[in-house]
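Participant: build me a model:
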Amino acid sequence: MEQGAGTVTHPEEDYFEAVRANSPASTKEVADAVGVTRQGADYRLRQLREEGKVEAKMVGNSLVWTLVAEND
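Facilitator: Prediction:
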């Protein structure tokens, strides 16, 4: 399954679990774990970051994702 603008096909908990399992998780690791494209995962992770549920930081030239403490 894939997700695009405005369409959420996987619950946010799937993303939290993927980030938790791989923390700090690359976008590709999250995409593979959830079963979406890298672009779909990036889109949803950025939404979750805007909502204050995950954090991102640059490591080299890649973003890695971690959970905000309250979602652990």
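
Participant: phi, psi of the residue lying farthest from the centre of the chain?
Facilitator: Centroid-distance maximum for the chain: Gly60 at 18.1 Å, with C-alpha atoms, centre = their mean. The phi and psi values for Gly60, taken as degrees, to the nearest 10, are phi 70, psi -120.

Participant: pLDDT score for it?
Facilitator: Note for Gly60: predicted pLDDT of 91.

Participant: the longest helix seen in the chain: what's the following helix or strand?
Facilitator: Counting residues, the longest helix in the chain under DSSP state H turns out to be helix 38-50. Sequence-wise, the next helix or strand downstream of helix 38-50 (DSSP states H and E) is strand 54-59.

Participant: what angle do that following strand and helix 38-50 make?
Facilitator: 120 degrees (axes from the mean of the first three to the mean of the last three C-alpha atoms, to 10 degrees).

Participant: excluding chain neighbours, what is closest to Leu48?
Facilitator: In space, and not counting its chain neighbours, Leu48 is closest to Val54: 4.6 Å by C-beta to C-beta, 6 or more residues apart in numbering. Any C-beta I mention is one placed from the backbone N, CA and C, and that applies to glycine too.

Participant: apologies, that question was intended for Val59.
Facilitator: Pro24 (7.2 Å).

Participant: quick revisit: show me what the residue nearest to Leu48 is bridged to.
Facilitator: Applying DSSP bridges to Val54 gives these bridge partners: Leu67.

Participant: what's the neighbour count on it?
Facilitator: Burial of Val54 is recorded as 23 neighbouring residues (other C-beta atoms under 10 Å).

Participant: looks like it contacts Glu17 (just checking).
Facilitator: No - counting by C-beta atoms under 8 Å, Val54 sits too far from Glu17 to count as a contact (12.0 Å).
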